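Chemist: quick one, what's the 3D model for this:
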Amino acid sequence: MIPDFKKHFKKNLNLAFPVMLSHLGQVTVHVADSMMVGRIGKEPLAAASFAGNIFVVFLVMGIGLSYAITPQTAQADGEKDIPKLTDILKHGILINVVFGFLLSFIILYSRDLLWYFNQPEIVVKLALPYLKIIAISLIPFMIYQAFRQFAEGLGFTKQSMYITIAGNILNIALNYIFIFGKLGFEPMGLYGAGVATLISRAVMALLMISFVYFNHRFSQYWHAFTFGNFSWTLIKTNLNLGFPMAFQFIFEVSTFSLAAIMIGWMGTTQLAAHQIAINMASISYMISLGISTAATIRVGNQLGQKNYKTMRNAAMTCFIMAIGFMSFTAIIFIFGRHFLPTLYIEDEQVIHQAAILLIVAGLFQLSDGVQVIALGALRGMSDVKIPTLITLIAYWVIGLPLGYVFGFTLNQGALGVWYGLLAGLSIAAILLFIRFNGQSNKLLLSSETVG
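Modeler: Predicted coordinates:
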């Protein structure tokens, strides 16, 4: 039994719960898009899946880069180093803004490559304008992330939750107006969903900037704040942390994106079913990602205080929390597999195929929960390079090839591709937990030896 389990559980939950809702708000943008777009046909739904799976690779790269801000902030907060926190904020804003424009530019000037993925022609035609507009939304999103990750590193997690919920409500309302053509607007279909996403992300960025800039609790970090005198050493530190984190996300998410492309070769029905099942799985994943953020904050803060025993116990409590929740969602996916797809679409073939995939989604819930908590805890320790290698091997060397073999060589179809995803997640979970357990024990034993 973990000492002070209830105490750690309460602290972790207080940090994690707002972040869970924030992450859920982000994914709900895509869930709402899918649900509303699904009402106008399976071709727009498949196009949303196709464009979304390309876009998400760039999105998670941006998220990973921004995540470098959180452990640095948490560790500096543990050290009570105010000048260092000011520098982290300044350089975090710079890097996020630059990469927001860069990632958006790359998507905009390479989106015609979608024609080379061998997808149905109608799917590509619908996906291209949608991808263009959501690519632009990366710029305000990255600005939002810079201020959000700094605030969360200091333990202010509720504010981003409120802002995300407000942005999500705005997005759903605008979806309804633009997709279906309400309040005098012409129906825009899938493109309207992209416009709604862009506007809601711009509003979220403005709200998050306002909170961090005008709230008196952050005033001490703005006193010496200037956009001059940038430190290349600190920029390098950010990138050395951020790029491995970005690739951790990319290796996992691109595995699901490439899986979607492979499934797209099988037809529109299979791709629409994949979109539904992955949407459902992403909801539970975002809950665990919230707990993972709590693990990053707790581990980083306790590491800054050199309190390694509390650091380890706090992280282990996060593992227990994630396993408990993901077990619950596994039951919901498996027993609700015939009902859940009906929330998206009325096509019986798509519903039947999605129900089959939800069984596999239920099976990989525990693995998904464990691996994301392990990554969060290791991130708090600034241990990012070996975990990145683990994710590369688990997803690209094992998961994707197995998915292709099961799906095409053994003729298991979309289900076979999902078997590969299950294998990749399970291997990642085992190896990442072993890594955290070994590294945290090493710190604990070294402190006991010194003591």
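Chemist: tell me the mean pLDDT over stretch 41-55?
Modeler: Stretch 41-55 carries an average pLDDT of 81.
Chemist: I'd like the distance from that stretch to the chain centre, please.
Modeler: 18 Å (CA atoms, centre = their mean, to the nearest Å).
Chemist: likewise for stretch 268-285?
Modeler: Offset of stretch 268-285 from its chain centre (CA atoms, centre = their mean): 15 Å.
Chemist: kindly export stretch 137-152 (C-alpha atoms) in CSV.
Modeler: C-alpha atoms of stretch 137-152 as CSV (Å, rounded to 0.1, in the frame of the first residue of the first chain):
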residue,chain,number,x,y,z
SER,A,137,-6.2,27.3,-36.1
LEU,A,138,-2.8,25.9,-35.0
ILE,A,139,-1.5,29.5,-34.6
PRO,A,140,-3.9,30.6,-31.8
PHE,A,141,-3.8,27.1,-30.4
MET,A,142,-0.1,27.2,-29.8
ILE,A,143,-0.3,30.7,-28.2
TYR,A,144,-3.0,29.3,-25.9
GLN,A,145,-0.8,26.3,-25.0
ALA,A,146,2.2,28.6,-24.0
PHE,A,147,0.2,30.4,-21.4
ARG,A,148,-1.8,27.3,-20.4
GLN,A,149,1.3,25.1,-19.7
PHE,A,150,2.9,27.8,-17.7
ALA,A,151,-0.2,28.3,-15.5
GLU,A,152,-0.6,24.5,-15.1
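Chemist: so G228, which state does it fall into?
Modeler: Under DSSP: H, G, I helix; E, B strand; the rest coil, G228 falls in the coil class.
Chemist: ramachandran angles for it?
Modeler: Dihedral pair for G228: phi -110, psi -180, per degrees, to the nearest 10.
Chemist: and it, how many neighbours?
Modeler: Look at G228: counted by other CB atoms under 10 Å, it has 5 neighbours. C-betas here are computed from N, CA, C, even on glycine.
Chemist: before we move on, what about the one 5 residues further on?
Modeler: Neighbour count of T233, defined by other CB under 10 Å: 9.
Chemist: swap in Q270?
Modeler: Using other CB under 10 Å, Q270 is surrounded by 25 other residues.
Chemist: leaving out sequence neighbours, find the closest residue to it.
Modeler: Spatially, and ignoring its direct neighbours in sequence, Q270 is nearest to A414 (4.5 Å; CB to CB, 6 or more residues apart in numbering).
Chemist: what's the answer for L422, then?
Modeler: Counting by CB to CB, 6+ apart, L422 lies nearest to F364, which is 4.6 Å off, once chain neighbours are set aside.
Chemist: can you check C318 too?
Modeler: Nearest to C318 is A295, by CB to CB, 6+ apart, at 4.2 Å.
Chemist: tell me the mean pLDDT for the helix or strand hosting that neighbour?
Modeler: Element membership of A295, judged by DSSP states H and E, is helix 268-304. In this model, helix 268-304 has an average pLDDT of 86.
Chemist: next helix or strand past it?
Modeler: Immediately after helix 268-304, counting by DSSP H and E, sits helix 308-335.
Chemist: report all helices and strands that that next one contacts.
Modeler: Contacts defined by 3 or more CB pairs under 8 Å, 6 or more residues apart in numbering; DSSP states H and E place helix 308-335 against helix 5-38, helix 268-304, helix 348-363, helix 365-380, helix 413-450.
Chemist: lowest mean pLDDT across those helices, which one is that?
Modeler: Note on the helices and strands packed on helix 308-335: lowest mean pLDDT is at helix 5-38, with a mean of 78.
Chemist: before we move on, the earlier item: of all the helices and strands packed on helix 308-335, which lies closest to W396?
Modeler: Shortest distance between W396 and the helices and strands packed on helix 308-335, using CB to CB, is found for helix 413-450: 8.3 Å.
Chemist: chain center to that closest one, what's the gap?
Modeler: Distance, stretch centre to chain centre, for helix 413-450: 18 Å (CA atoms, centre = their mean).
Chemist: can you check stretch 193-213 too?
Modeler: With CA atoms, centre = their mean, you get 18 Å for stretch 193-213.
Chemist: pull out the buried positions in it.
Modeler: Residues of stretch 193-213 classed as buried under the neighbour-count rule (16 or more other CB atoms under 10 Å) are 193-205, 207-209, 211-212.
Chemist: hmm, back to that, any idea how far the residue nearest to L422 is from G181?
Modeler: Per CB to CB, to the nearest Å, F364 is found 39 Å from G181.
Chemist: between those two, which is the more surrounded one?
Modeler: A count of neighbours by other CB under 10 Å puts F364 above the other of F364 and G181, at 23 against 14.
Chemist: show the contacting residues for that one.
Modeler: By CB atoms under 8 Å, 6 or more residues apart in numbering, the residues touching F364 are 281, 421-422, 425-426.
Chemist: pLDDT score for the residue nearest in space to the middle of the chain?
Modeler: For the chain, V60 is the residue whose C-alpha lies nearest the centre (CA atoms, centre = their mean; 6.1 Å). With respect to pLDDT, V60 has a value of 83.
Chemist: helix or strand for it, which one?
Modeler: Going by DSSP H and E, V60 is in helix 42-66.
Chemist: show me what that helix is packed up against.
Modeler: helix 5-38, helix 82-108, helix 121-136, helix 138-153, helix 190-214, helix 232-264, helix 268-304.
Chemist: between that helix and helix 268-304, how big is the angle?
Modeler: On the basis of axes from the mean of the first three to the mean of the last three CA atoms, to 10 degrees, helix 42-66 is oriented at 20 degrees to helix 268-304.
Chemist: who are the packing partners of the helix or strand that helix 42-66 is followed by?
Modeler: Once the chain leaves helix 42-66, the next helix or strand it forms, by DSSP H and E, is helix 69-79. Counting contacts by 3+ CB pairs under 8 Å, 6+ apart, helix 69-79 packs against helix 82-108, helix 138-153, helix 232-264, helix 268-304, helix 365-380.
Chemist: what residues sit buried inside helix 69-79?
Modeler: Buried residues in helix 69-79, counted by 16+ other CB under 10 Å: 69-78.
Chemist: want to try CSV for those, with pLDDT as columns?
Modeler: Formatted as CSV, the buried residues of helix 69-79 follow (pLDDT from 0 to 100):
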residue, pLDDT
I69, 91
T70, 86
P71, 84
Q72, 87
T73, 89
A74, 83
Q75, 82
A76, 86
D77, 84
G78, 79
